[in-house]
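K.L.:
okay, here's the prediction I keep looking at, along with the sequence it came from:
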2 protein chains.
Amino acid sequence: MSKASDRAYAEIRRLILAGDALPGTPLTESALADLSGVSRTPVREALRRLESELYVVRTSSQRLFVADWDSDDYAEMFTLRAMLEAHAAGRAATRIDAKALADLRASNDRIIVAVTPDMPDVPAFLAENRHFHDIIIATAASPRLAAMLAALVEQPVVRRTAARYGRAELRRSAHEHGELIQAFAAGDAAWAGAVMTGHIRRAFHAFSAAEPAK
Amino acid sequence: MSKASDRAYAEIRRLILAGDALPGTPLTESALADLSGVSRTPVREALRRLESELYVVRTSSQRLFVADWDSDDYAEMFTLRAMLEAHAAGRAATRIDAKALADLRASNDRIIVAVTPDMPDVPAFLAENRHFHDIIIATAASPRLAAMLAALVEQPVVRRTAARYGRAELRRSAHEHGELIQAFAAGDAAWAGAVMTGHIRRAFHAFSAAEPAK
DNA sequence: GATTAGGCTATTGTATACAAATTGCGACGG
DNA sequence: CCGTCGCAATTTGTATACAATAGCCTAATC
């Protein structure tokens, strides 16, 4: 997207995720425009995007408020994500070529490097994990699916999940990626889908766990 | 949505669906603004919406073109719809109350009335069918799911499907609705999901059939 | 003749002014 | 004291002007 629009999007999103705007807070276009230093036009576009991602909700008279996500919302989000990513993995299994398979292997090798040390490199894990999943979604070759997943996979959620993972869980994640690669190599859609379902659902339960001890 | 924005949306959509703008045709905001008699601002909003529904595609430099849907795209659309509506039916089965159940029964009774005569009332069937499915989606109580399905269930597709249905298939559709109602009454999520999957996939194969003889 | 650099044109992005609509407050009447 | 009507202020919707940018055409040079 464009510059001003992106800036407004990032700023409003930050506002919500940082808790500066609590659920139920009314959002007015002009206030957000002032805040993010752009005019109302790009703010409106950013708000439409945030609305489609359910960060904000709109009343019947088009007024916007910060949305309220409860644990059921997160559960539903993970359930939908598991369904759709499993479907993507299944499609990818029947479509993958040698190059994409090599890319996945290389990506997972980098993940293994990031999680093997006693102090895992979590930022590197996150970036590479995202890349790994992106390859699969691209290989699935379904623009619809890609669009839906983009609105469903929130990076803050992934980050919190990773924060709950200890070294053992991070390594297990890499191991599951390895099994996905095997399923892809075998062209086995059902296997790939099943592994992906487990992979996401395990992430869900980590996400739902209490704050880890420091 | 708002008036001008809706008008632009409807006009551009009509243009594409009627075949006046073939796949690959470039779409410029000003031309569409002139065409629909509104300014570029609401046209831009309409285009964002059409883009999210994949009627139009955007190049890296933000230029828009009419999208090209092949049979694979339709197949994927029905697959996703079957997955998501089955999930919705499953959620609805565990959440439905007496009122919604009564509404579903009343709705399906009206569908039966519409499809029973020798000359079925297809427009009435379409309207009531939509209402029936909307009740289920509302009962599923998942805004995310509702938003995704809204972008997935294109009325022209439903219309074409219905056009392929003869009197027997229309009646069978009403019968499947009846079985869904039974599954809801039993609170059986798996049953409801399975029936819905079959219901949608049957629609897919009708949709894919050749033009019916006149 | 092909290729590349330059500028011109078409198109999208942003800001702002104005119009429409909705909400909330306050005054008035019951 | 409660309700209702209406006005004013706030907010969203639309139009338009201007800015930035990408694409294309031309021309000049190798």
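P.N.:
Done, it's in.

K.L.:
show me what the least confident helix or strand in chain A by mean pLDDT packs onto, helices and strands only.
P.N.:
None of the helices or strands of chain A scores lower by mean pLDDT, DSSP states H and E than helix A:155-164, at a mean of 89. For helix A:155-164, the elements it packs on are helix A:122-140, helix A:189-208, judged by 3 or more Cβ pairs under 8 Å, 6 or more residues apart in numbering or on different chains; DSSP states H and E. Yep, even glycine has a C-beta here, placed from its N, CA and C like the rest.

K.L.:
and chain B, is whichever helix or strand comes after the first one touching that?
P.N.:
Yep, that's helix A:122-140 we're talking about. Where DSSP states H and E defines the elements, the next helix or strand beyond helix A:122-140 is helix A:143-152. Yes - counting by Cβ under 8 Å from any Cβ of the partner chain, chain B has neighbours in helix A:143-152: A:P143, A:R144, A:L145, A:A147, A:M148, A:L152.

K.L.:
what's in contact with helix A:143-152?
P.N.:
Counting by Cβ atoms under 8 Å, 6 or more residues apart in numbering or on different chains, helix A:143-152 makes contact with A:52-53, A:77, A:80-81, A:84-85, A:87-88, A:91, A:137-138, A:140, B:52, B:54, B:57, B:73, B:76-77, B:80, B:144, B:148, B:152, all of which sit outside it.

K.L.:
likewise for stretch A:99-111?
P.N.:
So stretch A:99-111 is contacted by A:92, A:124-125, A:128-129, A:131-132, A:135-136, A:138-139, A:173-174, A:177-178, A:180-181, A:184-185 (Cβ under 8 Å, 6+ apart).

K.L.:
need the pLDDT of the nearest residue to A:I181 once chain neighbours are set aside.
P.N.:
Among residues not flanking A:I181 along the chain, A:L104 sits closest, at 5.4 Å (Cβ to Cβ, 6 or more residues apart in numbering or on different chains). You'll see A:L104 listed with a pLDDT of 98.

K.L.:
for A:L104, grab the count of nearby residues.
P.N.:
A:L104: 23 surrounding residues under other Cβ atoms under 10 Å in any protein chain shown.

K.L.:
do A:R91 as well
P.N.:
22.

K.L.:
name the secondary structure element that contains it.
P.N.:
A:R91 belongs to helix A:71-95, assigned by DSSP H and E.

K.L.:
picking up where we left off before, from the residues of helix A:143-152 next to chain B, pick the one nearest B:R7.
P.N.:
A:A147 (24.9 Å; Cβ to Cβ).

K.L.:
just the buried residues out of the contacts of stretch A:99-111, in PyMOL syntax.
P.N.:
Burial among these is assessed by 16 or more other Cβ atoms under 10 Å in any protein chain shown; the matching PyMOL selection reads:
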select buried, chain A and resi 92+125+128+129+131+132+135+136+139+173+174+177+178+180+181+184
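
K.L.:
what residues does chain A put near chain B?
P.N.:
Contact residues (Cβ under 8 Å from any Cβ) of chain A with chain B: A:2, A:41, A:45, A:48, A:52, A:54, A:57, A:62, A:73, A:76-77, A:79-80, A:83-84, A:87, A:142-145, A:147-148, A:152.

K.L.:
weed out the non-buried ones from these.
P.N.:
The neighbour count (16+ other Cβ under 10 Å) marks A:45, A:48, A:52, A:54, A:57, A:76-77, A:79-80, A:83-84, A:87, A:142, A:144-145, A:147-148, A:152 as buried among those.

K.L.:
so where is chain A shaky, pLDDT-wise?
P.N.:
Low-confidence segments of chain A (pLDDT under 70): A:1, A:213-214.

K.L.:
residues from it in reach of DNA strand D?
P.N.:
Counting by Cβ under 7 Å from any atom of the strand, the residues of chain A close to DNA strand D are A:P26, A:L27, A:T28, A:E29, A:S30, A:R40, A:T41, A:R44, A:Q62, A:R63, A:L64.

K.L.:
and A:T197, how many residues sit next to it?
P.N.:
By the criterion of other Cβ under 10 Å, A:T197 has 16 neighbours.

K.L.:
from B:R164, how far out is it?
P.N.:
With the distance defined as Cβ to Cβ, to the nearest Å, A:T197 ends up 34 Å from B:R164.

K.L.:
next: A:A75.
P.N.:
Distance of A:A75 to B:R164, computed by Cβ to Cβ: 38 Å.

K.L.:
look at those two and report which has more neighbours.
P.N.:
When neighbours are counted by other Cβ under 10 Å, A:A75 and B:R164 differ, and B:R164 comes out ahead with 17 against 13.
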